[in-house]
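Asker: no sequence for this one, just the structure:
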DNA sequence: CGGGGGCCTT
DNA sequence: AAGGCCC
Ligand SMILES: Nc1ccn([C@H]2C[C@H](O)[C@@H](COP(=O)(O)OP(=O)(O)OP(=O)(O)O)O2)c(=O)n1
Ligand SMILES: [Mn+2]
């Protein structure tokens, strides 16, 4: 059970783990009022929990957007269709047994009366997604998006400023590990770091947020409230839909170790879980109990520590403020595109669609990428190989975008896209495409002439390295137009490995990234890499640009104003 | 069984 | 250019 006995000589990562005895959070003493509650004996987690995190996850997101657009769909089983699959469905449909990502055939078998609405065009979902994130900015600017329907909020500052004045007295919604949410909690020993009151207040704030989202946007969601991102997200899944769950540190291990699979951890994907399976690690508890040295041998220091931390609920990765998108793409899948005319027609459509969004965004992309998927011939039959994607990219001459008439942009880009495609497809031989994706990336920063002067204040530099806020914004990998000083490369350069192509010797492949998926990019940014967008000192200067219409400009305004 | 997006790292 | 992860 314990893993501290096997980690002699490795002070590094035995430190953050506190296995309970003598810890702040030890909860093993008599709890007179709630002696019937099953408190865990071992409280392995961080000693302190200074942050307060809320995770928001919309209910059956695409389906809900369609139900808002057409309320008559609310009371019928509804599936959102993308080609042959039901990507998601409303809760009436789930009650009948329809699940997310089910094939149409299976869904119709389960539920013949299933109403289907096409969800191949994500425009409306994307719009609602950003409305939600923007609404949440009202509470804190420290918001990280994950997909279209999830947001992490670091409400630490808000909580700290309110907690002393308000001294909250009850939790809103469910409390993980407590059956009756009206239970008398006075016997529950509170963590010595003071997080009990903070998390309690955050649960009230989460309720406010959810009420606000419903009143303003008519949308319902779940929330998880805890002291780090991992736990907030996992907590929120405990009660669905339209509910919220709060997780206190005393119950962290209980939650984690009740998870049946390491796949339940965001960041442990198909490949990693398969590698863990080889070591006989199936559950998070298995991981928690696994010998540390062996884990290091298998995965290297960084990843091993990361896995162990996760299994104990330790996650210090910051909420990274979202910014403008790093890429804008559109794709479609096909049964079989086998002639050039059809391909050119589809590319034309895709480029047209995605360019509209690029124009709305207002930044100019510097790179165009085309991705395709080919079906392969197997036993005389065309079979789609889903692993097989190829892509080609090229730089985009900025002269394309010099013309103010944006309708002129399409033709040269379609031609570039076709030439990229020709690098992958020998059109003199038979071919069969099943997917095309057109993606614009490497955006130029939004502040060309009209706006750049608003951000050139000399004393705009952050002075305090402790100020977490400034260093946890998503680094714009877009090119900076002006000063271009000191662009240091600072990412770790670890050998990589392919998790699920493990046909051959898994051990020989080497170490991978260290930070597992979801938690990557958690580190602080160098000052020179920080966006200048968020400097409060320049807020006043934004008054005059309120009329700008591009999304990238609107975003700057949003980020700098209190709404 | 098989959408349509996104993010980051190597 | 590819691969891993997320929704
Ligand atoms: N592999 C996936 C996963 C998700 N989505 C889309 C459809 C979902 O509506 C949305 C949000 O994903 P969730 O996993 O949060 O699922 P839902 O919001 O639909 O349902 P739930 O109520 O369980 O959160 O993202 C997708 O297209 N493909
Ligand atoms: Mn959701």
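Answerer: Nice, I can see it. Values in this document were obtained by computation on a predicted structure and should not be read as measured data. Residues are numbered from 1 along each chain as shown, chains lettered A, B, ... in the order given. Ligands and ions are numbered 1, 2, ... in the order given.

Asker: Spell out which parts of chain A neighbour ligand 1.
Answerer: Residues of chain A lying near ligand 1 by C-beta under 6 Å from any ligand atom: A:57-62, A:87-88, A:100-101, A:147-149, A:240-241. The way it works is simple: take the backbone N, C-alpha and C, and place the C-beta from them, glycine included.

Asker: One more pass at 8 Å, please.
Answerer: Near ligand 1, the residues belonging to chain A are A:57-64, A:80, A:82, A:87-89, A:91, A:100-101, A:119, A:125, A:147-150, A:222, A:240-241 when assessed by C-beta under 8 Å from any ligand atom.

Asker: Tell me how many other residues surround the closest residue to DNA strand C within the stretch 151-300 of chain A.
Answerer: Proximity to DNA strand C, evaluated over the stretch 151-300 of chain A using C-beta to the nearest atom of the strand, is greatest for residue A:269 at 2.4 Å. Number of residues near residue A:269 (other C-beta atoms under 10 Å) recorded here: 16.

Asker: State the pLDDT value of it.
Answerer: You'll see residue A:269 listed with a pLDDT of 96.

Asker: before we move on, back to that, can you flag the buried ones in the residues of chain A next to ligand 1?
Answerer: Buried subset of the residues of chain A next to ligand 1 (neighbour count, 16 or more other C-beta atoms under 10 Å): A:57-64, A:80, A:82, A:87-89, A:91, A:119, A:125, A:148-150, A:222, A:240.

Asker: For chain A, which segments count as strands?
Answerer: According to DSSP state E, chain A carries its strands in the segments A:53-58, A:78-82, A:85-89, A:102-103, A:115-118, A:143-146, A:150-154, A:174-175, A:221-226, A:244-246, A:327-337, A:365-378, A:381-395, A:433-443.

Asker: CSV for these, including distance to ligand 2 and mean pLDDT?
Answerer: CSV is the format used below for the strands of chain A (distance: least, C-beta to the ion, whole Å; pLDDT from 0 to 100):
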stretch, distance to ligand 2, mean pLDDT
strand A:53-58, 4, 98
strand A:78-82, 12, 98
strand A:85-89, 8, 98
strand A:102-103, 16, 98
strand A:115-118, 17, 98
strand A:143-146, 10, 98
strand A:150-154, 7, 98
strand A:174-175, 17, 98
strand A:221-226, 7, 99
strand A:244-246, 14, 98
strand A:327-337, 22, 97
strand A:365-378, 26, 93
strand A:381-395, 24, 90
strand A:433-443, 24, 98
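
Asker: so which of those strands is the most packed in?
Answerer: Highest mean neighbour count among the strands of chain A (mean count of other C-beta atoms under 10 Å): strand A:221-226, with a mean of 30.

Asker: which helices and strands sit right next to that strand?
Answerer: Strand A:221-226 sits against strand A:53-58, helix A:195-217, helix A:229-236, strand A:244-246, with contacts defined as 3 or more C-beta pairs under 8 Å, 6 or more residues apart in numbering; DSSP states H and E.

Asker: Around DNA strand C, which positions in the stretch 251-400 of chain A sit nearby?
Answerer: Counting by C-beta under 7 Å from any atom of the strand, the residues of the stretch 251-400 of chain A close to DNA strand C are A:265-273, A:387, A:389-393.

Asker: And those, which two are furthest apart?
Answerer: Spatial extent of those (C-beta to C-beta) is set by the pair A:265 and A:392 at 34.7 Å.

Asker: Could you find the closest non-adjacent residue to residue A:129?
Answerer: Closest residue to residue A:129 apart from its sequence neighbours, by C-beta to C-beta, 6 or more residues apart in numbering: residue A:148 at 4.0 Å.

Asker: picking up where we left off before, between the residues of the stretch 251-400 of chain A next to DNA strand C, which is closest to ligand 1?
Answerer: Distances from ligand 1 to those, taken as C-beta to the nearest ligand atom, are shortest for residue A:266 (10.9 Å).

Asker: and residue A:89, what are its bridge partners?
Answerer: Beta-bridge pairing for residue A:89 (DSSP bridges): residue A:79.

Asker: picking up where we left off before, from ligand 2, how far out is the residue nearest to residue A:129?
Answerer: According to C-beta to the ion, to the nearest Å, residue A:148 stands 9 Å off from ligand 2.
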